[in-house]
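Trainee: please find the sequence and the predicted model below.
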Amino acid sequence: MKKLFTFFFLLTALNVQSQIGNYNGKPRYNILAVREGNDTIGNIVLELYPTIAPKHVRNWDSLTAAKFFDSTAFHRVIPGFVIQGGDPNSKKGPRSTWGYGQPWQVEIPAEFNPISHQRSILSAARDANPNSANSQFFICVAAATNLDNNYTAYGKAVSGMNVVDNIVASTRDINDNPLQKIEMFVTRIADDTTKAIAANIIQPANNATGISGTYQFKWEAVPGAVIYELEISSDANFSTIDTFIRTNKLFVVVPSLKAGELQYYWRLQTNNGGYKKATEIRTFTTGTFPPNLILPTNNQVLMVNQVMFNWNGVASASSYKLQVATNPNFTLASIKIEEDSINANSIVKSLEPNKKHFWRVASEINGIAGAYSPAFAFTTGVAVGITSEENATISIYPNPASTELFVEGLENFDYKIYDRIGKLVLSGTSAGTAVNISDLEAGMYLLKTDKGVSRFVVE
């Protein structure tokens, strides 16, 4: 008899399911909660999100149409967490079986999404298998963000949270099962037909250039939006989607973007759970390639704390951005130097002595930094024979240089030149403003005068 009943129930449910699934926006359902068969607690109104978790919504709709939920119980109530119900065992089975479900129940594949498990969110209960959800569900009575991206949220309670609070406060046993049975009766009511509204884009501007995998796409909040969906394609018709990102935030970065001045088309969809609305299609071009780092070389140990940073130029770059940090991951707290719009292939910066640092450079186009170069590490020190006047820098040009070095504002001055390990390699008096460096080998050096010091590179 059990097998016949089971087969009949499944056949009926499948037949109903084939007729449902037509939504004019967000389908809504009323849950009437009754304690001990005659004490009406009240109504909870749910709205579901077919444009976010269509399989779970269709499953709920089919179960409602088959009156599957009617007389099932809220068998799990945990204050500060959730109320849970929807197990067929709770209709007439012994309490010890409530929450364990039946093997004949159809399982729904996970549809994890960016909806955060905040108070009033409806989500699918499951066991250790992510794809094991069936009829059981829970409603959050408080934030439960530890469930985010691990359980499928597919709707929310839009009214009746006072009823949910009443249920969760019920006297319960050691298994969190209310001592008095709380039954539910679920009916479908009128859909929420509210249309989605397109978002206003903050950045990037249309036809922007220099976009990298660290760039933030930003937009304004849209009333009623549940999540946002970013689509990026290499063709204007979006016949293929290169990148698809869903988020509940108002910004997103796209690490998959590659340097090389590649053109892409993109749009942002506002998803209110029942409808979507896209922005106009925009374009952007990725940034150029990052430069190759020269000095300090990787893992170099310096004798000074005034460091000359030098890199190869990139033909299409209009400027460069330098980052120096004490952490190889360049965390915000570890960044000691961050300077953009550098219109040269080198720059001198003072750093804390006897400290390991990491540095990288990105090419910029129209002020937007592209991808960063692989980072180099170096350790600062204290220069031999150089005192605190190291902080008094002088202006020199060109840098890098090859045969002569010129010092602004000085003429016929005495100088000393040290190599990167602090060894004196050249000294003398300048010929006017020029210092002859034609005998120096390629590398990084420090020029010292009685007016100050500065680092330079010999090519």
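Mentor: Arrived safely, thanks for sending.
Trainee: any buried residues in stretch 285-301, and which?
Mentor: Going by neighbour count (16 or more other CB atoms under 10 Å), the buried part of stretch 285-301 is Thr285, Thr286, Gly287, Thr288, Phe289, Pro290, Pro291, Leu293, Ile294, Leu295, Pro296. C-beta coordinates here come from the backbone N, C-alpha and C atoms, glycine included.
Trainee: what is the nearest of those to Val186?
Mentor: For the buried residues of stretch 285-301, the residue nearest Val186 by CB to CB is Thr286; the value is 50.0 Å.
Trainee: before we move on, back to that, in strands only, show me the buried residues of stretch 285-301.
Mentor: Thr285, Thr286, Leu293, Ile294, Leu295 (DSSP state E).
Trainee: so where do the helices sit in this structure?
Mentor: Secondary structure of the chain by DSSP state H: the helices cover 2-17, 54-65, 89-92, 161-168.
Trainee: going by mean pLDDT, which of those comes out lowest?
Mentor: Per-stretch mean pLDDT for the helices of the chain is lowest at helix 2-17 (a mean of 32).
Trainee: hmm, Arg95 and Leu179 touching each other?
Mentor: No. Counting by CB atoms under 8 Å, Leu179 sits too far from Arg95 to count as a contact (9.8 Å).
Trainee: out of the two, which sits in the busier spot?
Mentor: Applying other CB atoms under 10 Å to Leu179 and Arg95 shows that Arg95 carries more neighbours, namely 15 against 10.
Trainee: for the nearest residue to Cys140 once chain neighbours are set aside, give the beta-bridge partners.
Mentor: Nearest residue to Cys140, sequence neighbours excluded (CB to CB, 6 or more residues apart in numbering): Ile121, at 4.8 Å. Taking DSSP bridges as the rule, Ile121 bridges to Lys156.
Trainee: quick check, Trp98 in contact with Thr72.
Mentor: No. Applying CB under 8 Å, one finds Trp98 not in contact with Thr72, separated by 9.2 Å.
Trainee: intersection of neighbour lists for those two?
Mentor: The contact sets of Trp98 and Thr72 overlap at Asp87, Ser90 (CB atoms under 8 Å, 6 or more residues apart in numbering).
Trainee: could I have stretch 233-249 exported to CSV, CA atoms only?
Mentor: These are the backbone C-alpha positions of stretch 233-249, laid out as CSV (Å, rounded to 0.1, in the frame of the first residue of the first chain):
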residue,chain,number,x,y,z
SER,A,233,31.3,39.9,-23.9
SER,A,234,33.8,40.3,-26.7
ASP,A,235,31.1,40.8,-29.2
ALA,A,236,28.3,43.5,-29.4
ASN,A,237,25.5,40.9,-29.7
PHE,A,238,26.5,39.0,-26.6
SER,A,239,26.3,35.7,-28.5
THR,A,240,28.9,34.5,-26.0
ILE,A,241,29.4,35.8,-22.4
ASP,A,242,33.0,36.0,-21.4
THR,A,243,32.3,37.0,-17.8
PHE,A,244,29.1,36.7,-15.7
ILE,A,245,29.1,37.9,-12.1
ARG,A,246,26.1,38.0,-9.8
THR,A,247,26.4,40.2,-6.7
ASN,A,248,24.3,41.9,-4.0
LYS,A,249,26.9,44.7,-3.7
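Trainee: give the buried residues for that stretch.
Mentor: Ser233, Phe238, Asp242, Thr243, Ile245, Arg246.
Trainee: ok, so of those residues, who is nearest Ile44?
Mentor: For those, the nearest to Ile44 is Arg246 (27.0 Å; CB to CB).
Trainee: let me see the mean pLDDT of stretch 443-458.
Mentor: The average of the pLDDT scores along stretch 443-458 is 84.
Trainee: ok, stretch 209-226 next?
Mentor: Mean pLDDT, computed over stretch 209-226, is 93.
Trainee: now swap in stretch 229-236 and tell me
Mentor: Stretch 229-236 shows a mean pLDDT of 96.
Trainee: again with stretch 283-302
Mentor: For stretch 283-302, mean pLDDT is 91.
Trainee: distance from it to the middle of the chain?
Mentor: Distance of stretch 283-302 from its chain centroid, counting by CA atoms, centre = their mean, to the nearest Å, is 24 Å.
Trainee: what's the answer for stretch 227-247, then?
Mentor: On the basis of CA atoms, centre = their mean, stretch 227-247 sits 16 Å off its chain's mean C-alpha point.
Trainee: ok, stretch 328-335 next?
Mentor: Stretch 328-335 sits 17 Å away from the centroid of its parent chain (CA atoms, centre = their mean).
Trainee: one more: stretch 184-199?
Mentor: Distance, centroid of stretch 184-199 to centroid of chain: 29 Å (CA atoms, centre = their mean).
Trainee: that one: which residues count as buried?
Mentor: Result for stretch 184-199 [16+ other CB under 10 Å]: buried residues Met184, Val186, Asp191, Asp192, Ala196, Ala198, Ala199.
Trainee: for stretch 161-175, same thing?
Mentor: For stretch 161-175, the neighbour count (16+ other CB under 10 Å) marks Met161, Val163, Val164, Asn166, Ile167, Val168, Ser170, Arg172 as buried.
Trainee: the second one touches Leu46, doesn't it?
Mentor: No. Here Val163 lies out of contact with Leu46, judged by CB under 8 Å, at a distance of 11.6 Å.
Trainee: retrieve the pLDDT associated with Ser256.
Mentor: 89.
Trainee: got any ranges where this protein has weak pLDDT?
Mentor: By pLDDT under 70, the low-scoring segments of the chain are 1-21, 382-392, 420-422.
Trainee: and it, what are its domains?
Mentor: 2-192, 201-286, 293-379, 388-458 (automatic domain parsing).
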